[in-house]
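Chemist: the sequence isn't on hand, but the structure is:
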């Protein structure tokens, strides 16, 4: 016996007969039999004990356990185990209930199975006060099944925002009633929480409609009275977006209608559009794509990069797009720095302070600030604010000599701003006058000069009667008079005025015989020698100036080999220029003279043009000067000439180079790489193999007249015994491109295979046709060719034998065809007319 279980085999119903035998000779209190019913709960896989009789009673002398299933069972109870003392017998079919152990009348079921759920009946004889009492017990056993590990099944692993989603928690087994609970965890971690406010309950969780907050991990817990289990988390992805993008700009400088940035600043544009999966960002500048990514960094932004910037956000899963647009304004200051100047007004009593700083965006703000000692006096020295240009009128009488004024410039792109200034002052001394004769005594030039001062001193020539001659000129003025007798003894006054000087100044000249000053002019005596004063006509005066020049273009460009024309002309009339002469100088400061092969000069009344033939790069590039000189001074006007080379032609690559069969020609093909203007191609060749220690020979031009659209060439005149190397160059006017790689021709492909195959096919066709004709001929002439006909068209019988092919067989066959009888020594046998038999040779012969 092991564990209270008998090792004896089951003997059937013998134990039923044991009960009266055990009771024989002993009183049986049948009227005192005990009846008991109770319910016991067990868990599948665990152990449960079923007792027979009261808990405190003695173990029964004999016990019999039987089982009747309550679910789906029918028929009488079936025996489970029988025991008497230490002898125990377990029914063979009891293993379906679990591992059965009977000890002291108590039935123990280990590793309990679901099939054990039902009614267990116990019948036993219990010794009590020297008698045997019959006891009956009915035990209703409930087998509980633990909850298996649940699993979550969503209707979709990914759902669009707004759609209905349901998650189902399923278990394979578990005794009901079952209770369900749900846990939700954010996608990026965190403690699980009950999804409060979500629709559905129990085994199904409904998300109607699903929104982005529902994204995350879901798990369910199932409980019954035995245990509880939690499923593995399942991720639910709610796809949404993209939302309206939000664009941020760094540095942050908003303005009305957009953002602004200073030129050369680093600008960072960031775009955020919530979306799942994350948005794909594309940046557009004025409608053209410039960047892909959430952040667009514009390093050292330029003014050309101003405009509209659009952030396009795309959800690649939903194929949805949203966009947002901002206007980015780039502020840039004007070039250089502000310039300040001071000029006398039209009445020469006040000073006009002018400040200029043109350009920039937005225009620079300019304002004049007076002397420091006046700034504190109710801002009397602060003038109004203007843009790009600011002018302030200062009364000359109220302005002290040496007063300083400043122009303050401010601009959004310049944190420090800019400033320029000027100081008003009167030059010391007075005007100086000089008279001189010019151009072979044809003219008299009166020069008045008083340099310095801010604003400059205004000078004006007058005659002795105070009549103005010419216009007022600052600092220096020249009056040119025609030399004749009317100038003798005349007085000329140079009047000088300055706004800061209350009284004017002047200098005088009297023209007459040279007394102390050389260069003075004498007037001829009056006609007729009359001693009365002559009536002089007013002098013919004109204002003399340095010649002014102008050119068609200050910079001219030409391609090498071309011809270019540079032209300049004088401004104003010819008299005012006092016979100015015009000339051209090359970049080496050499005067261009007529008759040069390189240059051609064309002269007009007030203009002079220079034509440069066959421009060379870079020798002819540089600055050409047009000069004009007269008695007053010399003017020079630079004109820059830029000689450009033709764009380099594209690179060339050889794609095919192969000999013909005779090796006297090659087939060459090439292709170009990249863009570039070209006018043709050149193919060069040389010997590829040279004797040792010898330098390869020069390249020879094999073809030089190839059209620009051609991409192949057939070159002949080759020596079959020489191995050649070839290369191709693209040509663009005077510029040759980079040569292609050097290649040697490949051998021609083997071309006999098609001919051999053609001959073989033709031979097979001819042989087939001949065989067909031969068979047809034999079939038609069976009488003339009986043996051949029989050989080709008839088959042998089952009992025939192939001829051996000996001479004797041939003779025998021939004699039988003629009707002769066989020889006596020959072995006779059956024969047919269609196929005669051959006799074996006589062994005795």
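Modeler: Alright, I've got the coordinates. Just so it is clear, the model here is predicted, and its values are computed rather than measured. Numbers count the residues shown, from 1 in each chain.
Chemist: give me the three-state assignment for residue 620.
Modeler: Counting by DSSP: H, G, I helix; E, B strand; the rest coil, the backbone at residue 620 sits in coil.
Chemist: so what's the closest residue in space to it that isn't next to it in sequence up against?
Modeler: Excluding the flanking residues, the one nearest residue 620 by CB to CB, 6 or more residues apart in numbering is residue 643, at 5.1 Å. All C-beta spots, glycine's among them, are computed from the backbone N, C-alpha and C. The contact partners of residue 643, taken as CB atoms under 8 Å, 6 or more residues apart in numbering, are 557, 558, 559, 560, 615, 616, 617, 618, 619, 620, 621.
Chemist: out of those residues, which are buried?
Modeler: Among the contacts of residue 643, those classed as buried by 16 or more other CB atoms under 10 Å are 558, 560, 615, 617, 620, 621.
Chemist: for residue 427, state which of those is nearest.
Modeler: Ranked by distance to residue 427 (CB to CB), the buried ones among the contacts of residue 643 are led by residue 621 at 44.8 Å.
Chemist: can you pull the contacts of the closest one?
Modeler: 587, 641, 642, 643.
Chemist: and these, which are buried?
Modeler: Taking 16+ other CB under 10 Å as the criterion, what is buried in these is 641, 643.
Chemist: want to throw the buried ones among the contacts of residue 643 into a markdown table with distance to residue 761?
Modeler: Shown next, in a markdown table, are the buried ones among the contacts of residue 643 (distance: CB to CB, whole Å):
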| residue | distance to residue 761 |
| --- | --- |
| 558 | 69 |
| 560 | 64 |
| 615 | 69 |
| 617 | 67 |
| 620 | 73 |
| 621 | 73 |
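Chemist: and those as TSV, adding pLDDT and distance to residue 258?
Modeler: Converted to TSV, the buried ones among the contacts of residue 643 look like this (pLDDT from 0 to 100; distance: CB to CB, whole Å):
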residue	pLDDT	distance to residue 258
558	90	45
560	85	48
615	89	49
617	86	47
620	91	50
621	93	45
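Chemist: and the strands in the stretch 601-750 of the chain?
Modeler: For the stretch 601-750 of the chain, the strands defined by DSSP state E, counting those that start in this stretch occupy 607-612, 622-629, 634-644, 651-659, 666-673, 680-687, 700-706, 712-715, 724-732, 735-736.
Chemist: helix, strand, or coil at residue 95?
Modeler: Assigned by three-state DSSP, the conformation of residue 95 is helix.
Chemist: what is the burial count for it?
Modeler: 13 (other CB atoms under 10 Å).
Chemist: next one: it relative to residue 105, how far apart?
Modeler: According to CB to CB, to the nearest Å, residue 95 and residue 105 sit 21 Å apart.
Chemist: also residue 297?
Modeler: Where residue 105 is concerned, residue 297 sits at a distance of 90 Å (CB to CB).
Chemist: try residue 43
Modeler: To residue 105, residue 43 is 23 Å away according to CB to CB.
Chemist: same deal with residue 711?
Modeler: Note on residue 711: its distance to residue 105, by CB to CB, is 110 Å.
Chemist: check residue 441 too.
Modeler: From residue 441 over to residue 105 the distance is 166 Å, taken as CB to CB.
Chemist: more neighbours: which of these two?
Modeler: For residue 441 versus residue 105, the count of surrounding residues by other CB under 10 Å is larger for residue 105: 26 against 9.
Chemist: tell me the pLDDT of that one.
Modeler: Reported pLDDT at residue 105 in the predicted model: 87.
Chemist: show me the contacts for it.
Modeler: 51, 52, 53, 59, 60, 63, 83, 122, 124.
Chemist: and these as JSON lines, adding distance to residue 366, secondary structure and neighbour count?
Modeler: Listed next are the contacts of residue 105 as JSON lines, based on distance: CB to CB, whole Å; DSSP: H, G, I helix; E, B strand; the rest coil; neighbours: other CB atoms under 10 Å:
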{"residue": "51", "distance to residue 366": "113", "secondary structure": "coil", "neighbour count": "19"}
{"residue": "52", "distance to residue 366": "118", "secondary structure": "coil", "neighbour count": "27"}
{"residue": "53", "distance to residue 366": "120", "secondary structure": "coil", "neighbour count": "21"}
{"residue": "59", "distance to residue 366": "121", "secondary structure": "coil", "neighbour count": "17"}
{"residue": "60", "distance to residue 366": "123", "secondary structure": "coil", "neighbour count": "26"}
{"residue": "63", "distance to residue 366": "122", "secondary structure": "strand", "neighbour count": "26"}
{"residue": "83", "distance to residue 366": "122", "secondary structure": "strand", "neighbour count": "28"}
{"residue": "122", "distance to residue 366": "118", "secondary structure": "strand", "neighbour count": "24"}
{"residue": "124", "distance to residue 366": "123", "secondary structure": "strand", "neighbour count": "25"}
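Chemist: let me know the closest of the residues you listed to residue 749.
Modeler: Using CB to CB, the shortest approach to residue 749 within those belongs to residue 83, at 101.9 Å.
Chemist: residues near the residue nearest to residue 473 when sequence neighbours are not counted, how many?
Modeler: Spatial nearest neighbour of residue 473, excluding adjacent residues (CB to CB, 6+ apart): residue 459 at 5.6 Å. By other CB under 10 Å, 26 other residues sit near residue 459.
Chemist: strands paired with the one helix or strand residue 459 maps to, and their directions?
Modeler: Secondary structure assignment for residue 459, by DSSP states H and E: strand 458-463. Strand 458-463 has its sheet partners listed here by DSSP bridges as strand 468-474 (antiparallel), strand 491-497 (antiparallel).
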